[in-house]
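Student: missing the sequence, but the structure's below:
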Ligand SMILES: [Zn+2]
């Protein structure tokens with residue numbers, strides 16, 4: 001197996017991994033870069049030469065970066081954290097017998113956290 005080491009290879013930007021080729025192939029079908037034998041070497045890659053056409057439109061790079069994040073993953077993490085903090089805070093104020101004002105303040109982040117959590121889970125299920 002051979003691999004395309006070009007970091008700005010259109011295949012790599014689409015898939016997030018170096019393009020793989022059969023041994024008899026000598027250059028990448030996407031970007032014409034000479035192939036290397038080791039996958040590790042290909043992942044480290046070679047920097048695109050200056051004036052590289054694939055560096056061009058900013059939208060392409062942004063899209064590739066955004067796609068690396070799992071959809072909704074951030075919402076789930078933040079939502080769960082807020083929910084936990086809210087629960088912990090509520091329990092704390094309840095045990096301390098503090099005023100109802102503090103108790104109600106903790107509901108805000110909890111509700112917000114629950115909404116984000118649900119939205120994140122739904123996005124993750126959809127994506
Ligand atoms: Zn390539």
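Tutor: Sure thing, it's come through. As the structure is a computational prediction, the values presented were derived from the model and not from experiment. Residues are numbered from 1 along each chain as shown.

Student: get me the contact residues on the protein for the ion.
Tutor: 4, 6, 9, 19, 28, 30-31 (C-beta under 5 Å from the ion). Backbone N, C-alpha and C define where each C-beta goes, glycine included.

Student: report the buried residues of the longest helix anywhere in the chain.
Tutor: Ranked by number of residues, the top helix in the chain under DSSP state H is helix 100-126. Within helix 100-126, the residues scored as buried using 16 or more other C-beta atoms under 10 Å are 106, 109-110, 113, 116-117, 120, 123.

Student: about what we covered before: among the residues of the chain next to the ion, which one lies nearest to residue 89?
Tutor: Each of those was checked against residue 89 using C-beta to C-beta; the closest is residue 9, at 49.1 Å.

Student: ok, now which ones touch residue 76?
Tutor: Counting by C-beta atoms under 8 Å, 6 or more residues apart in numbering, residue 76 touches 116-117, 120-121, 124.

Student: same thing but at 6 Å, please
Tutor: 117, 120-121 (C-beta atoms under 6 Å, 6 or more residues apart in numbering).

Student: strands of this structure, residue ranges please.
Tutor: Using DSSP state E, the strands of the chain run over residues 2-3, 20-21.

Student: most tightly surrounded among these?
Tutor: strand 2-3 (a mean of 22; mean count of other C-beta atoms under 10 Å).

Student: packing partners of it?
Tutor: Here strand 2-3 touches no other helix or strand, going by 3 or more C-beta pairs under 6 Å, 6 or more residues apart in numbering; DSSP states H and E.

Student: show residues contacting it.
Tutor: Residues contacting strand 2-3 (C-beta under 6 Å, 6+ apart): 18, 20-21, 23, 35-36, 39, 42.

Student: what's the mean pLDDT across it?
Tutor: The average pLDDT for strand 2-3 rounds to 96.

Student: stretch 75-88 too?
Tutor: The model assigns stretch 75-88 a mean pLDDT of 83.

Student: and it, what's buried?
Tutor: 75-76, 79-80, 82-83, 86.

Student: and residue 39, how far is that from residue 1?
Tutor: 8 Å (C-beta to C-beta, to the nearest Å).

Student: neighbour count: those two, which is higher?
Tutor: residue 39 (15 against 12; other C-beta atoms under 10 Å).
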